[in-house]
Structures are given as structure tokens and as C-alpha cells.
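Undergrad: no FASTA, just this:
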């Protein structure tokens with residue numbers, strides 16, 4: 001168990017820090033986690049592991065963290081901490097989850113290992129599951145749709161970046177009965193090269209990625225399982241790899257069975273997101289950035305959501321954009337941990353972005 005000094009409630013009330021470790025800290029997402037935790041008022045990073053970088057300074061791998069004293073360690077002898085963040089590839093956490101809970105009270109997993117609710121889903125969409133008894137203990141990390149279940153959660157499962165963008169765009173339509181399930185929904189997601197991770201291979205290398213709009217999952221993308229699970233409907237889902245480093249942009253074409261007006265749409269989105277600290281609307285206003293774009297949210301935990309109504313074709317086009325490594329991964333994980341531990345929701349996540357910037 002963890003070596004923290006008190007309960008979650010006492011920590012939140014007193015403003016004390018909690019200790020945290022990051023497993024798999026040498027990847028892009030691990031670097032984002034460390035960047036966020038370094039500026040967080042309630043977290044103290046105790047350990048960062050990486051088999052390939054053990055002994056090297058964290059700053060030598062993640063330039064924004066130059067000057068810190070942290071060095072990568074081997075993951076085999078973990079120290080006791082309050083919170084363990086696992087930024088490992090799919091399949092690692094499910095095999096190590098017992099060990100993780102031996103050293104931490106709270107585990108936040110950023111892989112796909114605990115996102116789905118049943119072993120049958122993992123049999124269908126992945127290659128099965130090694131620790132299905134933990135699935136019912138996991139809470140999905142996206143606070144906008146699961147906030148009420150996160151306080152006190154011991155196992156938090158980060159959402160997939162493509163699923164996060166899609167769910168945030170479509171969720172208000174289901175919450176307000178504009179869509180009820182069974183309608184035709186076509187989702188086209190465009191993602192940056194960082195989604196492939198630090199070891200993304202040939203397809204993510206700059207000479208191969210530069211200038212492309214490449215379909216890489218025309219059908220059967222695994223994130224469809226998350227979308228179906230949380231929206232209660234299936235979608236026709238396609239991903240494109242584009243010439244962008246960070247970001248995920250979803251264009252969703254939906255065809256409601258009944259009449260819908262712009263007023264109905266504004267009411268639905270405002271009701272769901274008006275008080276959300278990390279969702280903002282961009283729906284055809286003035287200026288250059290009239291609709292959601294990844295460039296507008298690069299480096300932030302913000303999601304932008306917008307829509308346009310096509311009454312002639314009884315179609316609503318919904319746009320959503322996130323930074324895949326922030327709202328789609330590390331930022332979402334820290335946000336969920338804040339809620340779980342009773343900290344200020346926005347703690348460590350206040351960065352509002354930059355303009356102008358280069359390719360996100």
C-alpha cells in the first residue's frame with residue numbers, strides 16, 4: 001500500500017501533496033504527464049521508470065524538463081506512492097496490475113487495458129484480457145461524462161484520444177434526445193503523428209508522414225468499442241493520419257430521425273458544457289478559427305466543440321478537436337486524478353495555449 005500521510009479527504013482539505021510515480025515515462029505521453037505533474041500544486045513525483053532510458057536524466061529525453069533532478073529508473077523495484085500513473089503500451093498494465101496496487105492506493109492507467117467494461121469486449125476488439133476481475137473496478141477517466149463516479153476511484157482508465165474527441169462531440173445530442181441510437185452516424189477523425197508514440201515506426205517517421213492525408217483505419221478501429229459503450233450506438237468510423245504532430249480532429253455527420261433546429265443544438269451543448277472547465281464552443285463565429293481546430297488547443301487540456309446544421313439534407317455536422325496527448329491522454333488522466341483525490345479540478349492544467357504557433 002501507499003505511504004501517504006492521510007486519507008484522500010484529509011489531503012484535499014489540508015492542501016498537502018501526494019506522492020506519484022510515472023511508469024513508462026520516456027514516451028511522449030509520459031513526458032506530458034511529467035510536465036503537468038511538475039507544475040501541479042498537489043503532486044510530488046517520486047519515481048519515473050523506463051527500461052530503455054534507466055540512469056539517464058529525465059531532461060535528456062524531455063527537453064522541457066531540463067534542470068530537474070529526476071532520473072529514469074528500472075521499473076522492477078517500485079517504491080510505495082500514493083498515485084501511480086502508467087503510461088505503458090496496451091497489455092502491460094493488465095499483466096502488472098497486482099504489482100501496481102501493492103505499491104499505490106490509486107492507479108491511473110493511460111493505456112486501453114481497462115477502458116472497456118467486459119471481458120467479452122476485449123475478446124472482440126483486442127486480444128482478450130489477463131485481469132478481467134479488475135474491469136468492474138475501473139472508472140473511465142473522462143470527467144465530462146463520468147465525473148460522479150470518479151471521487152475516491154482506485155483504478156482510473158484513460159480514454160482513447162480518437163474516442164474522446166468523438167464522444168465529446170456527440171454526447172450532448174444523446175443527452176438531449178436529438179439522437180436516440182440507431183441513427184446513421186459517420187465519424188471521420190484526423191490525427192497527428194504523436195498518436196503513434198515515440199516508437200511509432202516507419203509510418204510515423206517524418207519523410208513518410210509529411211504531406212499526407214492517409215487513411216489508416218478505414219473500418220474496425222478499436223476506439224469504436226468505447227464510443228459504442230458510452231453513447232449506446234454504433235458509428236461508421238474512419239481515421240486518417242495527417243501532416244500534424246499533435247492533435248485529433250473529429251468531423252461527425254449525423255442524421256437525426258426527427259426535426260432539429262439550431263436553437264435545439266445550442267440548448268443541448270450549452271446545457272452539457274457551459275460549466276465545464278475544459279470544453280469550449282466554436283460554432284461558426286467570426287474570425288479565422290470559426291470551428292474547432294487542433295491548433296487552437298495544442299498543449300492544453302481543452303476540447304473545442306462546434307456544429308453546423310444542414311436542414312436540406314436533415315444532417316447535423318459536429319466538429320470536435322483536442323490535443324491527443326493532453327485532453328486525449330495525459331491531461332485527461334491528471335484531470336480525473338484531481339477529481340478522484342478531491343483536488344481542484346483545474347490544478348496543474350491551467351495552461352491556455354499559444355497563438356500563433358507552428359504545426360501542432
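TA: Sure thing, it's come through. For clarity, every value in this text was computed on a predicted model and none was experimentally measured. Residues are numbered from 1 along each chain as shown.
Undergrad: can you give me the helices for the stretch 201-350 of the chain?
TA: 206-209, 224-231, 262-273, 294-297, 331-341 (DSSP state H, counting those that start in this stretch).
Undergrad: Mean neighbour count, these: which tops it?
TA: helix 331-341 (a mean of 25; mean count of other CB atoms under 10 Å). Where C-beta positions appear, they are placed from N, C-alpha and C, glycine not excepted.
Undergrad: of all the helices of the stretch 201-350 of the chain, which lies closest to residue 155?
TA: helix 331-341 (9.8 Å; CB to CB).
Undergrad: what separates that closest one from the chain centre, distance-wise?
TA: Computed by CA atoms, centre = their mean, to the nearest Å, the chain-centroid distance of helix 331-341 equals 11 Å.
Undergrad: which ones are touching residue 161?
TA: By CB atoms under 8 Å, 6 or more residues apart in numbering, the contact set of residue 161 is 191, 195, 248, 322, 324, 325, 327, 328, 329.
Undergrad: Dig out what the first one forms beta bridges with.
TA: Put plainly, it is residue 191. Beta-bridge partners for residue 191, by DSSP bridges, are residue 241, residue 248.
Undergrad: Pull up the gap between it and residue 253, please.
TA: Separation of residue 191 from residue 253 (CB to CB, to the nearest Å) stands at 18 Å.
Undergrad: Then the second one?
TA: For residue 195, the distance to residue 253 (CB to CB) stands at 22 Å.
Undergrad: With neighbour numbers in mind, choose between the two.
TA: residue 195 (26 against 17; other CB atoms under 10 Å).
Undergrad: how far away is the more buried one from residue 44?
TA: Counting by CB to CB, the gap from residue 195 to residue 44 is 30 Å.
Undergrad: what's stretch 258-277 in contact with?
TA: So stretch 258-277 is in contact with 144, 171-173, 175-176, 178, 279-281, 283, 305, 307, 309, 316, 345-346, going by CB under 8 Å, 6+ apart.
Undergrad: can you map out the helices along the stretch 51-200 of the chain?
TA: Using DSSP H, counting those that start in this stretch, helices in the stretch 51-200 of the chain cover 58-61, 92-103, 119-125, 143-146, 161-175.
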